[in-house]
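Asker: Sequence plus predicted model, see below.
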Amino acid sequence: MPSSSSSSSTSTRRDSSTSEQAPDLSITADDQVYLHTAGYDAPERGLVSSFARFRSSPLDFIREISLHVSGTGWRSYDDFIGQPMFYPGFSEEMKARVLSNPMLVTKVRELAEKRVQVEAKEGLLGDEIMNGGEGRGHGKGDKKRKRRIHIEESLMEVCDTMTDNMICKMESNRFIRGAYYLATQLLTRAYHQGVHVSSEEVLRLREVAKEAEKKKQSIIFLPCHRSHVDYVSLQIICFRIGLALPTIIAGDNLNFPLMGSFLQHAGAMWIRRSFGDDQLYSTLVQAYIDTLMQNGYNLKCFVEGGRSRTGKMLPPKFGILSYMLDSVASGRVEDAIICPVSMQYDKVIEVDSYISELLGQPKPKENLKDFLSASSVLSLKLGRVDVRFHEPWSIRKFIDAQHDRFSRLPKRLDLKDERIRILRTLGYKVLSDINDVSVIMPTALVGTVLLTLRGRGVGKSELIRRVEWLSERIKAQGGRVAHFAGLPTSVVVDRALEVLGPGLVGLVGGLPEDTYYAVDRFQLSFYRNMTIHLFILHSLVSTALYTRVKLGGGPEYQRITYSDLRDQVHFLSQLFRGEFIFPTEGLEHNLAQTITSLESDGVITVTRDPTNPSIVSTVELSSAERSSGRESFDFYCFLIWPFIEAAWLGAISLVMLTPPSQPSTTSTTPEIPWLDLKKVQDRAQLLGKTLYHQGDLSYFEAVNKETLKNTYTRFEEEGMILVSRSRDSKIPSSIRLADAWIPTRSAPANGSNATSIEAKGLLWTFAERISGSRREGKNRRDGATVKSRVLSLADRVGSELWEGDAVVRAKDGTAADEEEQRRGALLKASRARGNSVAWRGLGSSAPSSEGPIAKL
């Protein structure tokens, strides 16, 4: 691995007796790669030193640029590992390969033939074709043939244009050297502590790449997605360590003037955000991916689809993954290598805009002005970037292992179901692998500590102690912490506070000890969410136990039976199935391990069956945990409470969908109007903000748009709500409550026409089940008051949904007819499901695990 630093040769080896991790590599603003002992924190060589060279020694600055222009040493980028690229004619060669792809050619012929048949049926090809008798058959066939050839040629011209707009154009080595220099200077001046990777992982990756090069196999990099900087970071690393740059599959929303062309020549492949029913375009994308993988070119695709606005991993998007999987599963590609990648930042540049979006502001369209405005971050100190590579693995071996697993199932799956399961397993395995190698940054440590304390603030010494405690807990869970070569924790904390800045963390001066507090809890939650995946099981068990702890009284009143604990953990884990990545071993195994872990840490005391010690009877807080002020227990609860609040808000917001007057549910016609989904979610967010400011919601993070959308998705999966999505963009997605979940209204009193929603039924009981694990608040102790106040507020906020254009009424036309049919089918399926299941567990005051979500 080339390096121009004399003190950092690849012969350096890890001393396992003094370090638990491999050495770090850092790429810094002085254009060097440094190999450090584990935990080394690179000196801050960023903005100041680089500009000082330019001002004080312009000749050295010019020399540095000339080395990149001339391609001296490693900068020539001639001896990289991978298939040839960056040569004149590369783009035309790739276009020719794509356009001659057999799958694409077959699809073009198929579409042309279908079009000819339609035109012939409608009489658009002449009377002799429709009414041709003897002697006219030749003319009929000849005209059809000519028309088909003309359509095929037209479609191929369309494919040529779409291919030219889509494919990456890696043609110039000089261009990529200049792009590398520019990107490195910008990135490492913003992230002044450099870009860090593990030398062990890099050396392993290079060996895998050499083997893949021999076999002409692609390496598919699948990183998490936090920032637009992700596009740059991995390209910089691949260039600097001598790997062939991957083709980046990117949304065409970034393909705007100047920047789009620049990125396309640096490796970007542009695809539409949505393919719709465009068979030609989807086949073209598959043909291009096939071509890349058949010829062994590396690819990069963000497994989450879009950037995470919340700081934690998003569920996988299966669109592009399905194309890659199909290339190998079909046999068109022999094999490819998957490499999950974790990309972590001390501070994400776009967090401010994320918060605006999560609070309901529309996402601005990407443009060059916004990209150039990012230069303002160059005057900031954003810390460092840590990139980690999971051990690569073969898609072919993964597919074979899944086929073998499914073949042993009692009931054989059909090919479609098996393919869907393999695809889902692939997506979640990649997310799990990314979490396994992710590094927890100092800013995430500080942010997590500040948001998991009961007090308003924390003293400097306690903050340092808690950061050390959290670091040890992370390591105990198998996680990684960004390490700093023996520097005292106080220095690491100071650097984290500097990066977060006074806009996020405030300092109270004039006290005997520096005291810090969270200024912007919403934005700080982005960094807290980077740690939650490590403790999700502990948090679920703790909040399930909290259903008893919050009742107060002596320890005997705060004890929970194993059965009740299991039911609540099951309920919560299914509620958050789309929110977090859980271990795949199953509930019983995961719960047993978590109870054992909490018991060994002294957080809980477990009573077991005297005749069978493996059977847990009850669980309660240990006396040691109580005497320590419930430090660990509260920490686990604080981590997940904002998400429990968000789920409760989502459930309560469904009350808004209660019709003004109770309809009859015996008819098979859709008697309840359907509401605009987006407007419903906007009103739900408004309801959440109101509940927060009135004291009925503890966490403002609970009103964020992404979590609310995830909650509605889970409710839709459970059949609690029905959502109709039209193919016609002019008809918005619409929503209504399933019949079984519609709350009842009280009868009008005293001659008034006004009715109120009653606190009973499946929806209310479901919300109460969630509320059992919510953090207790002083404004929520009177249950009767909550029932009247919260339900009344939800009814009032939702009243506007039943007026004006918020009601989605189908209009005349084919699209409207299709929409009515779709809604009718949804209602029929929902009523059949409701009649047969009726969500038995939530019909009583003490719901069991057979209720919605937990029943899965």
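Answerer: Nice, I can see it. As the structure is a computational prediction, the values presented were derived from the model and not from experiment.
Asker: Need the mean per-residue confidence for the helix or strand encompassing residue 635.
Answerer: Counting by DSSP states H and E, the secondary-structure element that holds residue 635 is helix 631-653. Confidence over helix 631-653, taken as the mean pLDDT, stands at 95.
Asker: Extract the CA atoms of stretch 92-111 and return them as CSV.
Answerer: Extracted C-alpha coordinates of stretch 92-111, given in CSV (Å, rounded to 0.1, in the frame of the first residue of the first chain):
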residue,chain,number,x,y,z
GLU,A,92,-18.5,4.6,-25.8
GLU,A,93,-17.3,1.1,-25.1
MET,A,94,-19.6,0.8,-22.1
LYS,A,95,-22.6,2.2,-24.1
ALA,A,96,-22.0,-0.3,-26.9
ARG,A,97,-21.9,-3.2,-24.3
VAL,A,98,-25.1,-2.0,-22.7
LEU,A,99,-27.0,-1.4,-25.9
SER,A,100,-26.1,-4.9,-27.2
ASN,A,101,-27.2,-6.6,-24.0
PRO,A,102,-29.4,-9.5,-25.0
MET,A,103,-32.0,-8.7,-22.3
LEU,A,104,-32.4,-5.1,-23.5
VAL,A,105,-32.6,-6.2,-27.2
THR,A,106,-35.3,-8.7,-26.3
LYS,A,107,-37.3,-6.2,-24.4
VAL,A,108,-37.1,-3.6,-27.2
ARG,A,109,-38.4,-6.3,-29.7
GLU,A,110,-41.1,-7.3,-27.3
LEU,A,111,-42.3,-3.7,-26.8
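Asker: Just to check, residue 699 is in contact with residue 645?
Answerer: Yes - the criterion here is Cβ atoms under 8 Å, and residue 699 meets it with residue 645 at 4.9 Å. C-beta coordinates here come from the backbone N, C-alpha and C atoms, glycine included.
Asker: who has more neighbours, those two?
Answerer: residue 645 (27 against 23; other Cβ atoms under 10 Å).
Asker: Look up how far residue 522 lies from the more buried one.
Answerer: From residue 645 over to residue 522 the distance is 13 Å, taken as Cβ to Cβ, to the nearest Å.
Asker: before we move on, what about residue 154?
Answerer: Residue 154 sits at a distance of 52 Å from residue 522 (criterion: Cβ to Cβ).
Asker: And residue 582, by the same measure?
Answerer: When Cβ to Cβ is applied, the distance between residue 582 and residue 522 equals 26 Å.
Asker: mind giving me the domain split of the protein?
Answerer: Recorded structural domains for the chain (assignment: automatic domain parsing) are 188-246+297-437, 440-532, 534-629, 633-842.
Asker: what's the least confident stretch among those?
Answerer: Ranked by mean pLDDT, the domains of the chain end with domain 633-842 in last place, scoring a mean of 81.
Asker: Tell me which residues touch the nearest residue to residue 295 once chain neighbours are set aside, please.
Answerer: The spatially closest residue to residue 295, leaving aside those adjacent along the chain, is residue 83, at 6.1 Å (Cβ to Cβ, 6 or more residues apart in numbering). The contact partners of residue 83, taken as Cβ atoms under 8 Å, 6 or more residues apart in numbering, are 213, 216, 244, 295-297.
Asker: thinking again about what came up before, please tabulate the domains of the chain in JSON lines and include distance to residue 287 as additional columns.
Answerer: Formatted as JSON lines, the entries for those read as follows, by distance: least, Cβ to Cβ, whole Å:
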{"stretch": "domain 188-246+297-437", "distance to residue 287": "10"}
{"stretch": "domain 440-532", "distance to residue 287": "38"}
{"stretch": "domain 534-629", "distance to residue 287": "32"}
{"stretch": "domain 633-842", "distance to residue 287": "25"}
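Asker: Out of those, which is closest to residue 284?
Answerer: Smallest distance to residue 284 across those (Cβ to Cβ): 11.0 Å, for domain 188-246+297-437.
Asker: before we move on, what SS does the residue nearest the centre of the chain have?
Answerer: The structure's the chain has its C-alpha centroid closest to residue 314; by Cα atoms, centre = their mean the separation is 1.8 Å. For residue 314, the assignment made with DSSP: H, G, I helix; E, B strand; the rest coil gives coil.
Asker: so who does it touch?
Answerer: Residue 314 sits in contact with 225, 304-306, 308, where contact means Cβ under 8 Å, 6+ apart.
Asker: can you do 10 Å?
Answerer: Each residue near residue 314 by Cβ atoms under 10 Å, 6 or more residues apart in numbering is listed here: 224-225, 302-308, 431, 578-579, 581, 706, 710.
Asker: before we move on, back to that, tell me which of the domains of the chain sits nearest to residue 100.
Answerer: Taking Cβ to Cβ, domain 188-246+297-437 is the member of the domains of the chain nearest to residue 100, at 13.9 Å.
Asker: The closest one: end-to-end distance?
Answerer: Across domain 188-246+297-437, the straight-line distance between its terminal residues is 23 Å, by Cα to Cα, to the nearest Å.
Asker: how many neighbours does residue 85 have?
Answerer: 20.
Asker: isn't it right up against residue 243?
Answerer: No - counting by Cβ atoms under 10 Å, residue 85 stays clear of residue 243, with 11.4 Å between them.
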